[in-house]
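Chemist: Predicted coordinates and the sequence they were generated for:
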Amino acid sequence: MSLNCLRFVVSHSLKKSPHFHLSYLPSSSSSAVSVTMSYSKELAAAKKAASLAARLCQKVQKVLLQSDVQSKNDKSPVTVADYGSQALVSFALQQEFPTDFSLVAEEDSKDLRKDGAQEIVDRITKLVNDSLTSDGSYNVTLSTEDVLKAIDSGRSEGGSQGRHWVLDPIDGTKGFVRGDQYAIALALLDGGKVVLGVLACPNLPLTSISAAGQHSTSNEVGCLFFAEVGGGTYMQPLDGSSAVKVQVTAVENPEDASFFESYEAAHSMHDLSSLIAQKLGVKAPPVRIDSQAKYGALSRGDGAIYLRFPHKGYREKIWDHAAGCIVVTEAGGVVTDAAGKLLDFSMGKYLDLDTGIIVTNQKLMPLLHNAVRESLKEKAASL
Ligand SMILES: Nc1ncnc2c1ncn2[C@@H]1O[C@H](COP(=O)(O)O)[C@@H](OP(=O)(O)O)[C@H]1O
Ligand SMILES: [Mg+2]
Ligand SMILES: [Mg+2]
Ligand SMILES: [Mg+2]
């Protein structure tokens, strides 16, 4: 039997990284051997780090005081939990991958190093240490400087070469402050592609939010979504019980579809999405929730469409979409910009987008594109 005729997979079971599968392809294929990386060690580390950060955030949200909220230069809110979550995830990942560590993350320690910030830094440090102690797997106590350094190791620029972790320590800080939805969003880029993603959504009900909106009748909340390239998407309760495979909805008729958008009108043009929904024939009112919890909810079929049209001049960042994007695509969905282009995470911190981001299943995407194109044309003509 010739080697070229064989098609088999050798699963590398050594504990050492990198793990990979060797696929011997049929002779018609231009390359005889292709190597598909497996990221199981990275995925396990990402799930652990995001779950740890989720517990820290839950604790802070319970006792959230106005004084915990700082305002960054761009006036967006940031809380002790955003910093604490970033420090924890950064620390936990560096423990697992001490060499070749690169992290692109939303926050930095600039404001925390200013005069008068010592009290808040002490509080963040205590939060981080309490989380590490209660987890039990790290026998360390971090100093304030260790915490600031961990936050600042998220300063990588990403790009198309090598591996980079991408972190939004709290996505949806406004939702977090309001007591609503938020997510800890962690992804890994390899060669500019998202190869795994984890979304911890502490306030997302375990059952569908499609009918009741974010305030579902179920009082069981806390979901962990995770996906690895080629491996599908799974959801498990944040308390650690077993995972189930999830799929986007199979809805083909827009009349039966419902759509998600930002809770914040400042983040996405609600008037434009209602025009698109109307053109498409969507009957249900929008479901407005904060953060990448929208991607998570979509990946398990809670709704069929996610529309995001920021106001002119806004530049989308990779940490706001990397984890959500792979969670949805591995569940069978499609994520593109308004022109139908797949999102490119290889260009540094920012996404280079045409107008907006749209997400749905394979069947509805062509119809959605048409509705988006027509609506944008109509809106431009009316200006
Ligand atoms: N003017 C704007 N337009 C679009 N997105 C914005 C925005 N200002 C902030 N955002 C982003 O919207 C994210 C929240 O998403 P959503 O609107 O889906 O809840 C924020 O993430 P953070 O909360 O991590 O800062 C922030 O990055
Ligand atoms: Mg922010
Ligand atoms: Mg964000
Ligand atoms: Mg954030």
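Modeler: Done, it's in. Numbers count the residues shown, from 1 in each chain. Ligands and ions are numbered 1, 2, ... in the order given.
Chemist: isn't V251 right up against L367?
Modeler: No - V251 lies out of contact with L367 (CB atoms under 8 Å); the separation is 11.2 Å. Placement of C-beta: from N, CA and C, glycine included.
Chemist: middle-most residue in this protein, spatially?
Modeler: Here the mean C-alpha position of the chain is nearest to the C-alpha of A323 (CA atoms, centre = their mean), at a distance of 3.1 Å.
Chemist: in which helix or strand would I find that residue?
Modeler: helix 322-329 (DSSP states H and E).
Chemist: So that helix, near ligand 3 or not?
Modeler: No - for helix 322-329, no contact with ligand 3 is found by CB under 5 Å from the ion; the gap never falls below 9.9 Å.
Chemist: neighbouring contacts of that helix?
Modeler: 166, 168, 183, 185-187, 189, 194-199, 225-227, 229, 233, 248, 292, 294-296, 298-299, 334-335, 343, 345, 359 (CB atoms under 8 Å, 6 or more residues apart in numbering).
Chemist: just stretch 108-123 next, same as before
Modeler: 70, 72, 78, 80, 83, 124, 144, 147-148, 151-152, 154-155.
Chemist: try 10 Å this time
Modeler: 60, 67-68, 70-73, 78-80, 83-84, 86-87, 124, 144-145, 147-155 (CB atoms under 10 Å, 6 or more residues apart in numbering).
Chemist: and the end-to-end length of that stretch?
Modeler: Length of stretch 108-123, first residue to last, CA to CA, to the nearest Å: 16 Å.
Chemist: Over to stretch 72-90?
Modeler: End-to-end for stretch 72-90, by CA to CA: 21 Å.
Chemist: what residues are up against G191?
Modeler: M37, G159, S160, Q161, G162, R163, H164, S346.
Chemist: Reformat those residues as TSV; add distance to ligand 4.
Modeler: Putting these into TSV (distance: CB to the ion, whole Å) gives the following:
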residue	distance to ligand 4
M37	28
G159	21
S160	24
Q161	25
G162	24
R163	22
H164	17
S346	21
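Chemist: Give me the PyMOL select line for the residues you listed, limited to the buried ones.
Modeler: In PyMOL, a selection of the buried entries from the contacts of G191 looks like this (16 or more other CB atoms under 10 Å):
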select buried, resi 37+159+163+164+346
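Chemist: Now render the contacts of G191 as TSV, adding secondary structure.
Modeler: Formatted as TSV, the contacts of G191 follow (DSSP: H, G, I helix; E, B strand; the rest coil):
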residue	secondary structure
M37	strand
G159	coil
S160	coil
Q161	coil
G162	coil
R163	strand
H164	strand
S346	coil
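Chemist: Show me the two of the contacts of G191 that sit farthest apart.
Modeler: Maximum pairwise distance in the contacts of G191, criterion CB to CB, is 18.1 Å, between M37 and G159.
Chemist: Contact residues of the stretch 101-250 of the chain facing ligand 3?
Modeler: Going by CB under 5 Å from the ion, the residues of the stretch 101-250 of the chain near ligand 3 are D168, D171.
Chemist: Quick one: low-confidence residue ranges for the stretch 101-250 of the chain.
Modeler: 211-218 (pLDDT under 70).
Chemist: For it, which residue gets nearest to ligand 3?
Modeler: Closest approach of the stretch 101-250 of the chain to ligand 3 (CB to the ion) occurs at D171, with a separation of 3.6 Å.
Chemist: Pairing-wise in the sheet, spell out the partners of that residue.
Modeler: D171 has these beta-bridge partners by DSSP bridges: A183.
Chemist: Was I right to think it contacts V198?
Modeler: No - if you go by CB atoms under 10 Å, D171 and V198 don't touch, sitting 12.0 Å apart.
Chemist: what sits in contact with each of these two?
Modeler: A183, I184, A185, A323.
Chemist: Near the third one, how many other residues are there?
Modeler: Here the count is done by other CB atoms under 10 Å, and A185 has 32 residues near it.
Chemist: so what's V9 scoring on pLDDT?
Modeler: pLDDT, V9: 25.
Chemist: Which residue ranges of the stretch 1-150 of the chain form strands?
Modeler: Secondary structure of the stretch 1-150 of the chain by DSSP state E, counting those that start in this stretch: the strands cover 9-11, 19-24, 33-38, 69-71, 77-79, 103-105.
Chemist: what about the last one and ligand 4, touching?
Modeler: No - judged by CB under 5 Å from the ion, strand 103-105 stays clear of ligand 4, getting no closer than 9.0 Å.
Chemist: does any part of that strand sit near ligand 1?
Modeler: No - judged by CB under 6 Å from any ligand atom, strand 103-105 stays clear of ligand 1, getting no closer than 10.4 Å.
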